[in-house]
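Chemist: got a predicted structure plus its sequence, pasted below:
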Amino acid sequence: MFLFGLNEAEVSAEYTKRVIVTILVAATTSGTTFVFTWWWARRQAKRQWKAKEFLDRLTISLNIFADGTLKIRTVMERSIDEIFLNRLAIQKVWAAARATTPANPVLPIPKADRWFLLNFVLNAVAGHFVEGHIRLDAGLPVASVRYALFLTCEHLGEERIRKVRAMLVRCDVLENFPHPDTMPRLESPWHDDRIRTLRVASALYKAEPDNFLTVEVCV
């Protein structure tokens, strides 16, 4: 059988050649993409380590004062793009994080963006504690606590490691901070940085409360 001047064997050979070329191109492209992705991830990791900046993760932490001791407990840690579901929002968070200083660790978010950015985090926190609200709605006994939520980028330790954190502190604690000029007992020596952060947050909570959102947690 002839097709456009080619016999069946020639058509079959041409088809086979094209399939092989397609497979080779796909394999080469995939391999190149894999190598580039690996190289880029390694490069970013080295850059982060050298700069001591780890801004691609968000840690949400609970700050508790109990029996005269500061206790810091992680509620969750996520990739920043799992919390802020918008690329522009992430860029705004990064810009604010890089504008912090050891003396001013609360993210200096522009007034127009504060509620918008904090609400992303509030949604993640609310989803984490939704079971308690369902119990409340069902008329079951629960304990309810009001927390202030805000964003920080502390410069921690001698190496001044920088990491974005969302902090939860009871509203009444920020309103009347119990350690304005003294140190509570600390579970770790480096938690003294956190006390300084909370002092700054307490003053800001009274002066510019729109840097905070209130979240009710039921358990």
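Modeler: Received it, and whenever you're ready, just let me know what you need.
Chemist: show me the domain layout of this protein.
Modeler: Following automatic domain parsing, the chain resolves into domains at 2-45, 52-218.
Chemist: turn those domains into a markdown table, including mean pLDDT and mean neighbour count.
Modeler: Placement of C-beta: from N, CA and C, glycine included. Converted to a markdown table, the domains of the chain look like this (pLDDT from 0 to 100; neighbours: other Cβ atoms under 10 Å):
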| stretch | mean pLDDT | mean neighbour count |
| --- | --- | --- |
| domain 2-45 | 60 | 10 |
| domain 52-218 | 96 | 15 |
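Chemist: just to check, residue 60 is in contact with residue 123?
Modeler: No - the criterion here is Cβ atoms under 8 Å, and residue 60 misses it with residue 123 at 11.6 Å.
Chemist: mind listing the helices for the chain?
Modeler: Ranges of helices in the chain, per DSSP state H, are 8-51, 80-83, 87-98, 114-128, 130-137, 171-175, 192-207.
Chemist: out of these, flag the one nearest residue 107.
Modeler: Closest to residue 107 of the helices of the chain is helix 87-98 (Cβ to Cβ; 4.0 Å).
Chemist: by contact count, what packs against the closest one?
Modeler: In terms of contacts (3 or more Cβ pairs under 8 Å, 6 or more residues apart in numbering; DSSP states H and E), helix 87-98 is packed against strand 53-66, helix 80-83, helix 114-128, strand 144-156, strand 161-170.
Chemist: state the distance from the residue positioned nearest the centre of the chain to residue 84.
Modeler: Closest residue to the average C-alpha location of the chain: residue 58 at 1.9 Å, with Cα atoms, centre = their mean. Per Cβ to Cβ, to the nearest Å, residue 58 is found 8 Å from residue 84.
Chemist: again, but for residue 93
Modeler: Here the criterion is Cβ to Cβ. By it, residue 93 lies 6 Å from residue 84.
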